[in-house]
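Trainee: Predicted structure and sequence below. I'll ask about it afterward.
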Amino acid sequence: MANEFAKMRRLRVVPVVAAMVVGVVALSCVTFATPGFMGWVEDPSEQPWHWLLGGLSLAVPMVSPILLAVLASRQVDIEHQGNGWLLSQTSGLTPGYLCRVKFVATGAVVVAATLAQSGLVFALGKLVGITVAFPAGQWFSYTASIVAVNLVLFALHLLLSARIGNQLVGLGVGVLGVFVTVSSTGMPTWLAHFFPPWGYYALATPVDAREGGVVALDPPHLSVITLGVAAGVLFMFITRRFDRQEA
């Protein structure tokens with residue numbers, strides 16, 4: 001684990017994570033430019049927190065898929081370039097075990113970045129003067145759902161990058177994922193279920209803008225939990241298979 005964190009420093013992981021956080025926060029705060037928003041900060045009927053939460057739920061799926069692909073690629077490409085798989089295996093660390101260690105180490109960074117995004121958007125909402133009641137339940141449940149979806153997507157890209165030496169493939173999937181994610185926002189809920197994990201960004205969306213204003217939704221949190229459990233089992237199964245392969 002310590003070795004993986006040491007690799008992260010050399011791989012410039014911090015700038016990639018910082019770009020993800022800054023990108024999400026910046027796009028979320030476009031909400032501040034909504035006509036009349038600054039006049040709603042003290043009006044409970046206008047639900048300014050829900051507008052800001054809506055901005056966050058639009059920003060996350062536009063930024064995360066590509067940068068998570070970049071993050072996974074950087075973590076694995078060093079093993080392909082330096083024959084690290086073989087070196088680790090001679091030290092008793094199988095490829096599958098190394099993938100699991102990478103997931104835990106870098107996954108902790110992904111979780112921290114996702115929590116930072118949510119916290120910074122909340123802090124900026126306070127900074128601009130929003131004084132109405134904070135919808136803690138919706139905000140925290142959305143943050144937890146996005147943590148789960150981000151981890152699932154990161155695991156997918158980690159396996160893809162480990163299996164395919166050409167890292168352009170993983171990055172191409174990341175770009176394609178943005179289009180799938182954006183498209184899934186207009187899909188019926190039942191259809192979005194068939195595009196994991198990208199469609200689950202849309203499923204986790206807690207609010208929606210309508211003609212009369214912003215309305216709260218009832219996201220299928222059980223679906224996100226099921227995705228996380230299924231992805232965890234599948235990740236363990238695939239990396240166990242990696243354990244039986246020669247580097």
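Mentor: Sure thing, it's come through.

Trainee: Now do stretch 129-143: distance to the chain's middle.
Mentor: Relative to its parent chain, stretch 129-143 has a centroid offset of 20 Å by C-alpha atoms, centre = their mean, to the nearest Å.

Trainee: try stretch 161-169
Mentor: Counting by C-alpha atoms, centre = their mean, stretch 161-169 comes out at 20 Å from the chain centroid.

Trainee: What are the buried residues along it?
Mentor: S161, A162, Q167 (16 or more other C-beta atoms under 10 Å). In this view, the C-beta of every residue, glycine as well, is placed from N, C-alpha and C.

Trainee: Hmm, the second one is touching R100, no?
Mentor: No - using C-beta atoms under 8 Å as the test, A162 is too far from R100 to be in contact (10.8 Å).

Trainee: Give me the below-cutoff pLDDT ranges for the chain.
Mentor: Scanning the chain for pLDDT under 70 picks out 212, 245-247.

Trainee: mind listing the strands for it?
Mentor: 207-210, 213-216 (DSSP state E).

Trainee: Could you dump those into JSON lines and include distance to N83 and mean neighbour count?
Mentor: What follows is the strands of the chain, written out as JSON lines (distance: least, C-beta to C-beta, whole Å; neighbours: other C-beta atoms under 10 Å):
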{"stretch": "strand 207-210", "distance to N83": "49", "mean neighbour count": "14"}
{"stretch": "strand 213-216", "distance to N83": "52", "mean neighbour count": "14"}
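
Trainee: so which of those strands gets nearest Y142?
Mentor: strand 207-210 (8.7 Å; C-beta to C-beta).

Trainee: which strands and helices sit next to that closest one?
Mentor: helix 48-81, strand 213-216 (3 or more C-beta pairs under 8 Å, 6 or more residues apart in numbering; DSSP states H and E).

Trainee: Just name the most buried of these.
Mentor: Among the helices and strands packed on strand 207-210, the stretch with the highest mean neighbour count (mean count of other C-beta atoms under 10 Å) is helix 48-81, at a mean of 23.

Trainee: mind listing what the residue nearest the centre of the chain touches?
Mentor: Ranked by distance to the mean C-alpha position of the chain (C-alpha atoms, centre = their mean), the top residue is N150 at 2.8 Å. Contact analysis of N150 by C-beta atoms under 8 Å, 6 or more residues apart in numbering lists S64, L68, V110, V111, T114.
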